[in-house]
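K.L.:
below is the sequence, then the predicted model.
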Amino acid sequence: MKIVKKIGWVALGLLLIIQFIPTEKNNGELSSLDAFVTETKPSQEVQKILKNACYDCHSDKTNYPWYHSVAPINFWMNHHVEDGKKHLNFSKWAAYSLKRKEHKMEEFWEEVEEKHMPLNSYTWTHSEAKLTDEQITEVVNWAKTVQANYEAQIQK
């Protein structure tokens, strides 16, 4: 029983120590999304959905909840955001080639349509990000239209 108590104290000590390890925040500007919004022209409803369900992990601007200040949750969240941005970063849209934009829009609507995005781990704490079937249809239709426009431009 003494060994369990010692392990508990060590674990508690480590938990306290890691609270002092600083983490970077993804605190860019929402204006970094202007090029994406201007180019893809989402409706007001789609813009709202993107803001609630996508931008925290797929842009340079993340709104962090209070519990982001608690380690090890903050390490997990930072990794999650960095991974999301690695796959798709709407803030970097202007830097993407036409072919890459077309491909990213295809991946985007497929992930949303198959309900792989937004992730369950995100919607558990962000109920506004949980998409209804109607919202999914609206986003997918918009994204397919955007993808088709890019595809037509590539064909030229």
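P.N.:
Received, thanks.

K.L.:
could you say which helix or strand contains the most centrally placed residue in the chain?
P.N.:
Among the residues of the chain, the one closest to the centroid is Cys57, at 2.0 Å (C-alpha atoms, centre = their mean). Take DSSP states H and E as the rule and Cys57 turns out to sit in helix 55-58.

K.L.:
show me what that helix is packed against.
P.N.:
Helices and strands touching helix 55-58, by 3 or more C-beta pairs under 8 Å, 6 or more residues apart in numbering; DSSP states H and E, are helix 73-87. In short, each C-beta sits where N, CA and C put it, glycine included.

K.L.:
flag every buried residue along the helix it packs on.
P.N.:
By neighbour count on 16 or more other C-beta atoms under 10 Å, the buried set for helix 73-87 is 74, 77-78, 80-81, 84-85.

K.L.:
pick out the lowest-pLDDT one from those residues.
P.N.:
On pLDDT alone, Asn74 ranks lowest of the buried residues of helix 73-87, at 73.
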